[in-house]
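Q: Output the structure for:
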Amino acid sequence: MLLRLAHTWQELSRPVRTVWAFFPLLAGQLLTGWARQFRAASAAWREGAATFLCLAIGACMALVGHTYHMPGTMTHVLLVWIVLGLPLVSLVQASLPAALAGIGLTCWVASAQQPWGQAALCWPLAAVPVPYLWVALRHNPFGQRSVLLSWVLSLCLSIAVGLTLEHRLPGRWIGVDTGLCAVCSLLDAYADDTAAACWQRPWHAVGVGGLAGVS
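A: Below is the predicted model of the structure:
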């Protein structure tokens, strides 16, 4: 059915294409609402439904923009997509949308530097998933949810800081990134569990690796 729809997509009228564009978004909202109401204790249902809805938002934006030839750059599309998807982190208590938002914000920082001259807006947006990550770390710092978010946040944070400062303050990112790597190492020391595997200690890996790289 999907292949047939893709084959005849250009032959459909604009209203029909618009309805099809919003169909995944509506399905994702219904699925997420059902999972939150009746499967709140199931992490698999929450993560799957919220991730599907997050991807459906981007698909809907792309299809509507293509259908009506709406103006806009990848910078604007990424920003709107991130803003619309971030509330899922708190509403559904899902980790994958938070990870996707972190990766999307890093890509947005890289694309926004040239046309906008700065990307300071990423920092208020990046603060949205922090309370969720803090609760996950307090509950189980070496669980799958905490480790996934820590890897994404630590890597994306170090990249975004370097991109932001290099454009506005060339050369000074070295000192800031060095301090950031030291903070990452201190966050790992806060957990204080040397029995954990290396892949379960992303803050330690990014901190030590970043300090070595800058040195």
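
Q: Going by contacts, tell me the helices and strands next to the helix or strand residue 164 falls within.
A: For residue 164, the host element (DSSP states H and E) is helix 144-168. The helices and strands touching helix 144-168, judged by 3 or more C-beta pairs under 8 Å, 6 or more residues apart in numbering; DSSP states H and E, are helix 96-116, helix 122-126, helix 130-139, helix 173-191, helix 202-214. Where C-beta positions appear, they are placed from N, C-alpha and C, glycine not excepted.

Q: would you list these in JSON lines and tack on distance to residue 15?
A: Conversion of the helices and strands packed on helix 144-168 to JSON lines gives the following (distance: least, C-beta to C-beta, whole Å):
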{"stretch": "helix 96-116", "distance to residue 15": "30"}
{"stretch": "helix 122-126", "distance to residue 15": "34"}
{"stretch": "helix 130-139", "distance to residue 15": "39"}
{"stretch": "helix 173-191", "distance to residue 15": "49"}
{"stretch": "helix 202-214", "distance to residue 15": "47"}
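
Q: Out of these, which one sits most buried?
A: Highest mean neighbour count among the helices and strands packed on helix 144-168 (mean count of other C-beta atoms under 10 Å): helix 96-116, with a mean of 20.

Q: Just the CA atoms of that one, as CSV, please.
A: Only the C-alpha atoms of helix 96-116 are listed here, as CSV (Å, rounded to 0.1, in the frame of the first residue of the first chain):
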residue,chain,number,x,y,z
LEU,A,96,14.5,8.2,22.8
PRO,A,97,12.8,11.6,22.0
ALA,A,98,15.3,13.2,24.3
ALA,A,99,18.2,11.6,22.5
LEU,A,100,16.8,12.6,19.1
ALA,A,101,16.3,16.2,20.4
GLY,A,102,20.0,16.3,21.5
ILE,A,103,21.2,15.1,18.2
GLY,A,104,18.9,17.4,16.3
LEU,A,105,20.0,20.4,18.4
THR,A,106,23.6,19.7,17.6
CYS,A,107,22.8,19.5,13.9
TRP,A,108,20.8,22.8,14.3
VAL,A,109,23.8,24.5,15.9
ALA,A,110,26.0,23.6,13.0
SER,A,111,23.5,24.8,10.4
ALA,A,112,22.4,28.0,12.3
GLN,A,113,25.9,29.4,12.7
GLN,A,114,26.2,30.7,9.1
PRO,A,115,22.8,32.3,8.4
TRP,A,116,22.1,33.5,12.0
